[in-house]
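Peer 1: Following is a predicted model, sequence given first.
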Amino acid sequence: MTRPSRPDRPGRVVCDRRAAAVALALGLALGPAAACRPQVAPSSPSSAATSPSGTTASPATTGLFDPHAPFNYVGRKGMVVAAHPLAAQAGLDMLKAGGNAVDAAVATAFALNAAEPFASGIGGGGFMLIYLASSGKATVINFREKAPVAAAPDMFADKGKAQAEWRQERGTAVAVPGMLAGWSYALGKYGTKSLAEAAARGIEIAEKGFPVGATFSQIDKDEYEKLARNGGEGTAYLNGGVPYEPGEVLRNPALAATLRLVAARGVDEFYKGGIARKIVEAVRAKAGAMTLDDLAAYRAVEVEPLSGTYKGALIYTIPPPGTGGLHLLQLLSIAEGWPLKAWGHNSPAYIHHLAEAMRFVFADKERFDGDPDFVSLPLERLLSKDHAREIRERISADKLAGAYETGPADSVADCKGNTTHVGVIDKDGNIVALTQSINDFFGTGIVPEGTGFLLNDHMADFAVDPKSPNAPNPGRRPASNMAPMIMFKDGAPYLSLGSPGGLRIFPSLAQIVLNAVEFGMSLDEAIEAPRFFTDAADGKAQPMAVESRIPGHVLRVLEALGHRIALKEPFDKYFGGAQGIMVLRDRKIIHGGADSRRDGVGAGY
């Protein structure tokens, strides 16, 4: 059972682990008043948050100083959730300045480039799911990276033991970035602020600097060799040639200058101007083949969202090549046919059945994932309730299935893929769920000369097998595990979620949805609850990764059923760092939930 949430009390000053992060980042950078903020909440006693069992939480029982204690940020008009406090504050300030959800999301994204550069930035790409309250319309901006024209299906197949380096750290790993094209498209069509206004806080953070936290420091140490090799010891992402320690200040004046140039001249400077030339030089210096024409030809595209239901509740998410959205809907459709409440949260039966469902969904992923502009995906069949029922019928209560229909095994090779998610709701009810990435932490580690930003390694998201539908080809977008989503209740937005985590994204999001909908958890309880993950490769079940908070007696039952267990840390960033927004219409408040597995923070008003 998860811990109950801390109560939402009017005027209560919040100084938990989230506020501690704010004190470190916001307090030192923007002033101490930002470190502790009173929560906006109803004044009635009924506003106190409750546990799934119905008991009211208290500071004593929620662990005031426990950095992982579930905590719901509260607002009445708007909410921003992001993986860094400086970025969440940038989005909130944009809302307060009259910007809408799209403006705030892009401002938050720019700020993340400066404050959480290991996870995203203008050298990467992503997807933005937008809900427009006035029309009830949902739409998707696809700014996923593309393969250069020189890409070929067998470009990684003959690299042998050096394959990982060519897919992750060489110039061949860099796909054509889409981030700025996507942000600019979204602002131009659905925003109210200029690119320069949205970029302002990101420029300020990069220029003035901020003290890094423990998460940044540890990732910096983990990726030191790559950063030193590809960025040089003078890179801003190392402190005098060595990894940053917590509290040391990261300044990136080169990134500030780049963002200022883009703000002044527009995104053509990135795709057709001096920045484009520096990108091509950097890629080709590391054995890549990107050209100026590749950059100049890049376009973000607007597409229809993918939709599905869970027990009648409508869910919007992104379509392929964002296949994480497809697989999220599949997994939930399978789960809706089981008595989950009767089994109990994270009981042996619950975990066993959901794990087996994950394996069958990954089998579909291996067979079909690819760019729909170039390959045919049987979406109607994959999303059908009949397909979900057929998978349920293949899952036994007392043993593993043993075999899972599959395609080429390497198309679902394990990945470290790390990403970031931004969630925003504004005073008019518009919502943005934005997931973006440079893939692995710090991407390739390659920094175009004098620019201060990192280039992605999203070519690694293509399959190695030349026959795979997800093999690299000129102009193709690699299949993505991203799955930003918005769920509706009684026709109105109820829950918006997204997460980093590579292959773990859609299984983690499905667990969060079930935690909230089936087990009555509050938003951040659902996010902080223990997670598990497994997949199938080459038709065979892979080990099940579980956070060590799942009790030993549960794990012993799972092992007896045939699952191989791989223990992870109690709150392991392996499972991503989800951010969410929950609209509680009966209480006329908005909850923000931010994952303690990363430096997640919410900011509402």
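Peer 2: Right, received. Where do you want to start?
Peer 1: so what's Gly247 closest to, chain neighbours aside?
Peer 2: Distances taken as C-beta to C-beta, 6 or more residues apart in numbering put Pro211 closest to Gly247, at 5.0 Å, once the chain neighbours are dropped. C-beta: built from backbone N, CA, C; applies to glycine.
Peer 1: Thr451 now?
Peer 2: Excluding its sequence neighbours, the residue lying closest to Thr451 (C-beta to C-beta, 6+ apart) is Thr258, at 4.7 Å.
Peer 1: any idea how far Ala276 is from that neighbour?
Peer 2: Remark: distance between Thr258 and Ala276 (C-beta to C-beta, to the nearest Å) = 12 Å.
Peer 1: So between the two, which is more surrounded?
Peer 2: Thr258 (25 against 22; other C-beta atoms under 10 Å).
Peer 1: Looks to me like the more buried one is in a strand.
Peer 2: No: Thr258 is assigned helix when assessed by DSSP: H, G, I helix; E, B strand; the rest coil, not a strand.
Peer 1: who's in contact with it?
Peer 2: Ile122, Ile275, Thr451, Gly452, Phe453 (C-beta atoms under 8 Å, 6 or more residues apart in numbering).
Peer 1: again, only using 7 Å
Peer 2: By C-beta atoms under 7 Å, 6 or more residues apart in numbering, the contact list for Thr258 reads Ile275, Thr451, Gly452, Phe453.
Peer 1: for the lengthiest helix in the chain, which positions count as buried?
Peer 2: Longest helix in the chain, counting residues (DSSP state H): helix 348-368. Buried residues in helix 348-368, defined by neighbour count with 16 or more other C-beta atoms under 10 Å: 348-368.
Peer 1: in the stretch 51-200 of the chain, which spans are strands?
Peer 2: Taking DSSP state E, counting those that start in this stretch, the strands of the stretch 51-200 of the chain run over residues 73-75, 79-82, 125-132, 137-143.
Peer 1: Buried residues in the shortest one, which are they?
Peer 2: Taking 16+ other C-beta under 10 Å as the basis for neighbour counts, the residues of strand 73-75 that come out buried are Tyr73, Val74, Gly75.
Peer 1: Wait, the first one touches Gly592, no?
Peer 2: Yes: under the criterion of C-beta atoms under 7 Å, Tyr73 lies in contact with Gly592, with a separation of 3.7 Å.
Peer 1: Need the residues that contact stretch 79-87.
Peer 2: The contact list for stretch 79-87 (C-beta under 7 Å, 6+ apart) reads 21-22, 25-26, 29, 73, 88, 91-92, 95, 104, 108, 111-112, 115-116, 119, 205, 210, 420, 422-425, 577, 579-581, 590, 592-594, 598-604.
Peer 1: can you check stretch 525-532 too?
Peer 2: The contact list for stretch 525-532 (C-beta under 7 Å, 6+ apart) reads 2, 5, 68, 70, 346, 351, 355, 508, 511-512, 515-516, 521, 544-547, 549-550, 575, 578, 580, 593, 595-596.
Peer 1: Go again with 6 Å.
Peer 2: The contact list for stretch 525-532 (C-beta atoms under 6 Å, 6 or more residues apart in numbering) reads 2, 5, 70, 351, 508, 511-512, 515-516, 544, 546-547, 549-550, 575, 578, 593, 595.
Peer 1: For Phe488, which three-state class applies?
Peer 2: strand.
Peer 1: Would you list the phi and psi of the spatially closest residue to it that is not a sequence neighbour?
Peer 2: Spatially, and ignoring its direct neighbours in sequence, Phe488 is nearest to Leu314 (4.4 Å; C-beta to C-beta, 6+ apart). Dihedral pair for Leu314: phi -70, psi 140, per degrees, to the nearest 10.
Peer 1: Report the beta-bridge partners for Leu314.
Peer 2: Thr309 (DSSP bridges).
Peer 1: so it makes contact with Asp490?
Peer 2: No: the criterion here is C-beta atoms under 6 Å, and Leu314 misses it with Asp490 at 10.1 Å.
Peer 1: First-to-last residue distance for stretch 334-343?
Peer 2: Criterion C-alpha to C-alpha, to the nearest Å; first-to-last residue distance in stretch 334-343 is 15 Å.
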